[in-house]
Every structure is written in C-alpha cells, then in structure tokens.
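Peer 1: Build me a model:
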Amino acid sequence: MSTQASKLQALMDSHRTQNGATRVIAVTSGKGGVGKSTLSANISYVLASRGFKVGLMDADIGLANLDVMFNVRAERNILHVLKGEARFEDIVVRLEENLFLIPGESGDEILKFSDATIVSRFIDESQALEGLDFLIIDTGAGIGDTIQMFLRAADEVVVVTVPDPAAITDAYAMVKVISKIKSDLSMVVNQVRNSREGMKIFDTIKKVAQGNIGEDLNLRMLGSVRSDASVARSVKQRLLVCKELANIAPAADIEAIAAALADKKEHKMLESGKEGGIGTFFKKLLGQF
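Peer 2: Here you go, the predicted structure:
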C-alpha cells in the first residue's frame, strides 16, 4: 500500500477490531429467489449496528442486488483493483456507520489473475480492510466454479433455502458439493411459517446428507426467518427490514441469526486465538495459499 494515509485506512483505523482478524462468511444458495441477498444485507446491518465493523461483498455483481438495495451505485469492483485500474479505497462504499460495501466480481475473469506480482500488490492493498470484524460475501446461486472458489476461501459457509421442494433439493445438492470443500456448514431456512417448519426442513436435509455424505459432515441450523409480505415490499422500496421494520417477526429472526454469528466469532477466538483474516482469504481466493 502507499505510505500516504488513505480515506479507507482512516475509516478502518477509527475502530480497529478488538476480536482478532476478520471472519469471512459466504452466504450462498442452490437456487436464486430464496432471499439470500436480503439476508446478507440485513445480517450485515445488524452486526454493524452492534458495533462490529462489517464489509459486505457483492460476489454476484452481475445482478447488482446489493448496490440497488442500499440505493448506491458501484461503478468499479475488485476486478478493477486486480487490473491496477483502481485501489481498494476507490471501490469501497460506506453504507452506514461501521458498514461498507465491497463490490465483488462474479465472472470467471477473476480466475485469470494468478501472477504472483499482481496478487502480491492486491494483497498489500487489501490490508486496508484488516480493520473489519466480519466480511459477509453474497455469492451467486448454484455450484459454479467461481462460486466454489469463494466458498473454499471463506471461514464459514451459510446455505440459504426456503420451504419449496425444488429449493430444498437444490439446497441438499449445494450441501453435497460444499461438503467436499468444508466439513462444517451452517443453514438458514427463509420464509417459513414458524420455527418448527424451519427445523423440520433442516432435519430432513441433515438426515439425507448424513445418510449419503457421512457423519464427518457437521451441518448446523443457524436459524430460520419467518415469512412476512412486508419483506418483499421493503426490497422493492429499497428499505432494510432490520432498520425500517424492526418490529416485524423476520427482523427479530435475523437479529437472532446475527447474534449467533457474533457469538460464534467470539468462540472461535477463544478456541484458536485468531481468524484467517482478509489477507489469507484473498490469497486462498486467488490460489496463492
């Protein structure tokens, strides 16, 4: 990084993480339309409102869900940083207090950047983000190679599904693929009538997974989110449920999920002393680790 102080570095330094290195969480799904981006945005907002420094990366940039959701325009992304056409401070967008959007890249073009010199410069630039407590990555849906690349590099993977037979089947397929990369996975069942329905769906997927994948897979229920027509309207109106409609049931459910992620980060710190961090994540992402 340049020795000159940057705006991004100053923002990160204003609240350096007290809980160790950044915890990278990839939120994914077997199919689109399950509310993955809405969950990613709201979980990030809740964590930020609790005082954590949070980066939200849109790795499904082709759909531009997150910048639309926050009513901002992301002109450049991490691919421009890799190409040397921008610096991290040029692409990061401050959304809220403690919350930053990091436009990602969903295309295969990112896989072309394996040159050690380019990656080294990129990793040096990314150190400005080490002040983050969490990096939440909203991946694309499905099991493509680029999506798997993000999942492999993340500290934790959260699979989102809904009470729809096709979505449940796709979620299991996603779990099966990810189990070859990670032995620990979390799941959120969105748009349920009640928590019992969410747990029933989770138990069904877990039972099938253990029968076909084996006992080595540690699939955990992170939480379920109740259905409410207000959520769909809030997305159209570019409103965050947990900010503008905090009293409805889905907001309380997302608050609980965010709290569970925060607790898990603290437990991981006690167990291992530190997380991998931003630098390690990008090295894994670009095949240099």
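Peer 1: what helix or strand is the residue nearest to residue 209 when sequence neighbours are not counted on?
Peer 2: Distances taken as C-beta to C-beta, 6 or more residues apart in numbering place residue 175 nearest to residue 209, at 5.4 Å, with adjacent residues excluded. Using the backbone N, CA and C atoms, a C-beta is placed for each residue, glycine as well. Per DSSP states H and E, residue 175 falls inside helix 165-178.
Peer 1: Could you pull out the buried residues of that helix?
Peer 2: 167-168, 170-172, 174-176, 178 (16 or more other C-beta atoms under 10 Å).
Peer 1: before we move on, what about stretch 130-144?
Peer 2: 130-143.
Peer 1: Can I get those residues in TSV including distance to residue 192, pLDDT and secondary structure?
Peer 2: As requested, these are exported to TSV (distance: C-beta to C-beta, whole Å; pLDDT from 0 to 100; DSSP: H, G, I helix; E, B strand; the rest coil):
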residue	distance to residue 192	pLDDT	secondary structure
130	37	85	coil
131	36	89	coil
132	31	94	coil
133	29	95	coil
134	25	96	strand
135	27	95	strand
136	22	96	strand
137	24	93	strand
138	21	92	strand
139	22	89	strand
140	24	82	strand
141	19	83	strand
142	23	84	coil
143	24	80	coil
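Peer 1: ok, back up a step: my read: the residue nearest to residue 209 touches residue 159, true?
Peer 2: Yes - Residue 175 lies in contact with residue 159 (C-beta atoms under 8 Å); the separation is 6.0 Å.
Peer 1: so what's in contact with the two at the same time?
Peer 2: Residues within reach of residue 175 and of residue 159 at once, by C-beta atoms under 8 Å, 6 or more residues apart in numbering, are 185, 187.
Peer 1: Need the residues that contact the helix holding residue 175.
Peer 2: Contacts for helix 165-178 (C-beta under 8 Å, 6+ apart): 28-31, 33-34, 143, 148, 151, 157, 159-161, 185, 187, 201, 204-205, 208-209, 212-213, 217, 219.
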